[in-house]
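Engineer: Sequence first, predicted coordinates after that:
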Amino acid sequence: MATTYSANARLQKPGTSDRQWDVPINANTDALDAMTAVGSLVVTTTEAPSATLQVRVAPGTFVKADGTVGTFVGNPAFAVPAAATVYLWLDGSGSLTAGTTFPTSTHLRLAHVVSRTTSVSQVVDERVQCAVAGLGLGFVSKAGDTISGPLTIAAPTLGGSATPLVVADPVNRLIGFFGATPSTQAPTLTPLTASAGGTASDSLTDVGTSFSQATLNNNFASLTAKVDALIAALKRHGLMAS
């Protein structure tokens, strides 16, 4: 009977009366092992059966927290402690890391390993193959996504401290810059009207001891121009209502 093939992965299905079933079985094994969902970043014992306190992590690619694609080159012999349960993951930069539990910081789970005194007794796959999509995600991933709680953007250091650069509260419509307490948008201001006959400049002239209507008008015109420029800038950036 002729060999048939599975509908999706096109794996070989030998006929009942066919001989040398080892050929399609081995071919299917190699095909499955090469599939990203199966073989990429998989953790296994270094030997089969395990004879050392080492595991092997296969190479593979993954999506980083910033949305870019990272590549892990693999590790053929990663040492684990004796008589312990250890968790393996890739950190935010893609470095292989181990600990007594998975971290709360950004990471990519790989597996947890249970060891004896001189060998590995169990490797449990912890890779997460499927991700939730749609509304209500706990992160913003693309244009059009929204957040339902405060958003803080902070630099590692700002003048020697971790002062947030921006804190935005979309629920209460508050925003603050450079550590300032988030506040509401400033109300609008009507631009000033320059005094008749005044000429604006970048400096103010000393009126002196004698009255000079021209000097006063020029000073008022200069101040009016600067105030109006500030109002326009605040409105342009949304910090003041229009």
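Structural biologist: Received, thanks. Residues are numbered from 1 along each chain as shown.

Engineer: From now on I want contacts and neighbour counts done on CA atoms only, so please keep to that.
Structural biologist: Fine.

Engineer: average model confidence for stretch 95-108?
Structural biologist: Over the span of stretch 95-108, the pLDDT mean works out to 93.

Engineer: Straight-line length of it, end to end?
Structural biologist: 10 Å (Cα to Cα, to the nearest Å).

Engineer: What residues of it count as buried?
Structural biologist: Buried residues in stretch 95-108, defined by neighbour count with 16 or more other Cα atoms under 10 Å: 96, 97, 98, 102, 107, 108.

Engineer: Mind naming the longest helix for this protein?
Structural biologist: helix 213-236 (DSSP state H).

Engineer: can you list contacts of that helix?
Structural biologist: 189, 191-207, 240-242 (Cα atoms under 8 Å, 6 or more residues apart in numbering).

Engineer: I'd like to know which of the residues you listed are buried.
Structural biologist: 194, 198, 199, 200, 240.

Engineer: Show me what the lowest-mean-pLDDT helix or strand in the chain is packed against.
Structural biologist: In the chain, no helix or strand scores lower on mean pLDDT, DSSP states H and E than strand 151-154, which sits at a mean of 77. For strand 151-154, the helices and strands in contact under the criterion 3 or more Cα pairs under 8 Å, 6 or more residues apart in numbering; DSSP states H and E are strand 164-169.

Engineer: Quickly run through the sheet partners of the strand it packs on, with directions.
Structural biologist: strand 151-154 (antiparallel), strand 174-177 (antiparallel) (DSSP bridges).

Engineer: Need the winner for burial among the ones you listed.
Structural biologist: strand 174-177 (a mean of 17; mean count of other Cα atoms under 10 Å).
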